[in-house]
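1. could you work out the structure for the sequence below:
(chains A and B)
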There are 2 protein chains.
Amino acid sequence: MNRPVFIAGVGMTPFGVLHDSITELSSKASLQALQDSGLVDARIDRLVVGCQNPDEFTGIGHLSTIMSDQLGLVPSGATRVETGPSSGASGFEVGCSFIASGLAESVLVIGAEKMSEVGRGIASKILAKMMSNENETRYGATPTALAALITRRYMHEHGLTRDELSLVPVKAHRNGAKNPLAHFQREVTIDEVNVSRIVADPLTLYDCSPMSDGAAAALLVSEKYIPKLPSKELIAKVLGVGHATDFHAIQHRDSITSFKATKVSADAAFKMAKCTVKDIDVFELHDAFSILELVNMEDIGLFPKGESINFVRDEITAVHGDTPVNPTGGLKSRGHPTGATGMAQIHDLVRQLRGTAPKGLQVQSARKGLAHNIGGLGNNMVVSILECFS
Amino acid sequence: MNRPVFIAGVGMTPFGVLHDSITELSSKASLQALQDSGLVDARIDRLVVGCQNPDEFTGIGHLSTIMSDQLGLVPSGATRVETGPSSGASGFEVGCSFIASGLAESVLVIGAEKMSEVGRGIASKILAKMMSNENETRYGATPTALAALITRRYMHEHGLTRDELSLVPVKAHRNGAKNPLAHFQREVTIDEVNVSRIVADPLTLYDCSPMSDGAAAALLVSEKYIPKLPSKELIAKVLGVGHATDFHAIQHRDSITSFKATKVSADAAFKMAKCTVKDIDVFELHDAFSILELVNMEDIGLFPKGESINFVRDEITAVHGDTPVNPTGGLKSRGHPTGATGMAQIHDLVRQLRGTAPKGLQVQSARKGLAHNIGGLGNNMVVSILECFS
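-> I've put the predicted structure just below:
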């Protein structure tokens, strides 16, 4: 990027099935982010809202304009960005781009989704629109069914067992239980995961992230603002951003147990950040389904193909392990309001880098963090790398 | 912007009620833009799709990923941008930002919408979601009803007559009749406009832009690509981009016969372009309703408040007048597939700057052009200024 981009403040609502409307959620997260920055009378040049489908989930269109109005940002330009469930991270990328290009000195980025209002059945139909109609949806496939297919194939290729797979949500819930903002704040056992309701064989209920409501936000600023920020220790720097697509239908890809777009976007982010996966202290990876956490860790380059479950079992990926992954519960336990997730990852990473993660979830001496957000079923990925400023 | 941005190629489908799907329309415009650039084996770093609501208008979600796949751009990153009917121009802005920030050297920007599939009644309901539910929609107001309110107020304030207002669509159709890509390719008379069906008093059918299907695209490149482009005369340079919002509901604004967001976005674009309205040779202004062309010309700074109709009557805004506005028919006659319009404006301006506008529609010695795209009912505006490169 041609100019450095900094994160001056972050905010996030609790995730869950909430009473608040999408505009209320967006406002709450935004006001927190602005207050958190400590900037007084900052002019916000641009607003970017990452949201998958406010029109259908909530009946509210034109969300970026509404939020500009409600937050008192008029006449600043406002833009909505959509790439399915990676809309939050794509909004973050556009926000970074606005600053790096010189189009703005300060950008408020919101990630938000309100999914519970329409009910689970309709929400599933809305979500299924992100899949290939020609190749998938019209044959009855759903995102969960395809995740089940990936899981079955991964089990076949690498001998993963049901008990092993359950270690992934068990770890997620162990972390989420300590996160006051998480959708689910209770631990689960391997047995509970194994015998919970089958959603799409072999995936049980506890293998699937929930449909949640929620919002997260960040205030991005250019270098110009650094002297005005009250606490340098609170600032994070954006080291790199990568964005990649893959073929829309999973049947057109070389492999279904590895996502090439993760590799391409991560490579781009590492190149920009001038570092490797070994330099990263904490990871936020898109675990919408149990199997995805394993696939993502391998694609990001953390562990050899087919072996990542061993590192979960040995607690290498636990909060206090060598390679902490999803210390605040991930999508599985923190919740997954689709457009909000990418910004929740940024929010949680910034708190890790500041050393202000929730009690019991702080990764020791975290200096660099990586967020990985999936759009579609593995076909629109954004990887962002952040670092402590001070 | 920190780096200059150039338009290397443009493409556009005919606008109208078409058989093609939204992905077919997007592909056709894109392939034209790529071919038009003359770049062989160009790597496209990013795809940006400006589209208001593909999910509801067509049942297809995740449009940016689908287009990356269909156009053979995988693994390049792809992003959809939405700001209501200014989605095309907002996509253009994000595309420019990706290049100016250094995130990309080449970006394909598509503007597209397919509105005819769901039928007029449902399409109207989908469009109405961009208005304020609290203040407008739930009382039965539609975009057309609010445009009628603005028209009536403008008539009251400035003594505009029905016959005078009709001069606006008459001019639009006179131009559109010569544009082979226009939705309506026939002239209309003042009498025809006056006596056509009342849509929302005082607006008749011919005061309202149609719901159309269509797509337009442009290939944006950094300076690095200039030596590789076969014809320097075909290149346009992006001089400035401005983006502004206004209060969501029209009742909260100081005036309803002037759009402050037009002034703010135009001021920003002029400042970036280091020029004034007097330096612009050709204008594309968002005339979704007859009254808007008058309001926009005044807000852009072309004519004094309340007097613009005199310049229409005297043919100052005709193709061969001193201040040509919407020489290819504008939204009224070219058509208005909402997300496509902003990119159609860019397409038509580039052809003007190249001297390759349709026969009878070429503005003499056009060196600089301005596009103005409205989102919502006057609350999310993007103004772009282009110039000949050679």
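
2. for residue A:390, report the pLDDT, please.
-> Model confidence at residue A:390, given as pLDDT, is 81.

3. go on, residue A:33?
-> 98.

4. for it, give me the backbone phi and psi.
-> phi -60, psi -40 (degrees, to the nearest 10).

5. nearest residue to it in space, ignoring adjacent ones along the chain?
-> What sits nearest to residue A:33 in space, not counting adjacent residues and going by Cβ to Cβ, 6 or more residues apart in numbering or on different chains, is residue A:11, at 3.7 Å. C-beta coordinates here come from the backbone N, C-alpha and C atoms, glycine included.

6. please identify which helix or strand holds that neighbour.
-> Per DSSP states H and E, residue A:11 falls inside strand A:5-12.

7. quickly run through the sheet partners of that strand, with directions.
-> Within its sheet, and counting by DSSP bridges, strand A:5-12 is paired with strand A:213-221 (antiparallel), strand A:236-245 (antiparallel).

8. ok so, going back, could you tell me how many residues sit around the residue nearest to residue A:33?
-> 23 (other Cβ atoms under 10 Å in any protein chain shown).

9. how about residue A:135?
-> By the criterion of other Cβ under 10 Å, residue A:135 has 15 neighbours.

10. residue A:174 now?
-> 18.

11. so it lies in a helix, does it not?
-> Yes. Under DSSP: H, G, I helix; E, B strand; the rest coil, residue A:174 sits within a helix.

12. and the spatially closest residue to it that is not a sequence neighbour, what are its phi and psi?
-> Excluding the flanking residues, the one nearest residue A:174 by Cβ to Cβ, 6+ apart is residue A:187, at 5.4 Å. With angles defined as degrees, to the nearest 10, residue A:187 sits at phi -80, psi 160.

13. now do residue A:187, the pLDDT please.
-> If you check residue A:187, the pLDDT there is 98.

14. OK, contacts around it?
-> A:170, A:173-174, A:177 (Cβ atoms under 8 Å, 6 or more residues apart in numbering or on different chains).

15. enumerate the residues of the stretch 201-350 of chain A near chain B.
-> Among all residues of the stretch 201-350 of chain A, those adjacent to chain B (criterion: Cβ under 8 Å from any Cβ of the partner chain) are A:241-248, A:252, A:260-261, A:264-265.

16. let's see that with 7 Å instead.
-> Within reach of chain B by Cβ under 7 Å from any Cβ of the partner chain, the stretch 201-350 of chain A has these residues: A:243-248, A:260-261, A:264.

17. quick one: the strands in the stretch 251-390 of chain A, in order.
-> Using DSSP state E, counting those that start in this stretch, the strands of the stretch 251-390 of chain A run over residues A:282-285, A:368-375, A:380-388.

18. hmm, residue A:386 is touching residue A:240, no?
-> No. With contact defined as Cβ atoms under 7 Å, residue A:386 does not count as touching residue A:240 (9.0 Å).

19. more neighbours: which of the two?
-> Shown here are residue A:386 and residue A:240; by other Cβ under 10 Å, residue A:386 has more neighbours (30 against 21).

20. and residue A:199, how far from residue A:341?
-> Applying Cβ to Cβ, to the nearest Å, the value for residue A:199 to residue A:341 is 19 Å.

21. neighbour count winner among the two?
-> More crowded of residue A:199 and residue A:341, by other Cβ under 10 Å: residue A:341, with 34 against 18.

22. so in chain A, where's the weakest helix or strand by average pLDDT?
-> helix A:120-128 (a mean of 93; mean pLDDT, DSSP states H and E).

23. name the helices or strands packed onto that helix?
-> Applying 3 or more Cβ pairs under 7 Å, 6 or more residues apart in numbering or on different chains; DSSP states H and E, we find helix A:120-128 packed against helix A:54-58.

24. who are the contact partners of the residue nearest to the spatial centre of chain A?
-> With distances taken as Cα atoms, centre = their mean, residue A:342 lies nearest the centre of chain A, 3.1 Å away. Counting by Cβ atoms under 7 Å, 6 or more residues apart in numbering or on different chains, residue A:342 makes contact with A:50, A:86-89, A:92, A:111, A:371, A:373, A:382.

25. how about it, nearest residue that isn't a chain neighbour?
-> residue A:88 (2.7 Å).

26. surely that neighbour is in contact with residue A:340?
-> Yes. Between residue A:88 and residue A:340 there is a contact under Cβ under 7 Å: 5.7 Å.

27. now do the shared contacts for these two.
-> Counting by Cβ under 7 Å, 6+ apart, the residues touching both residue A:88 and residue A:340 are residue A:111.

28. look up phi and psi at residue A:79.
-> Per degrees, to the nearest 10, the backbone of residue A:79 is at phi -140, psi 140.

29. any buried residues in stretch A:232-252, and which?
-> If you call a residue buried by 16 or more other Cβ atoms under 10 Å in any protein chain shown, then stretch A:232-252 has these buried ones: A:234-250.
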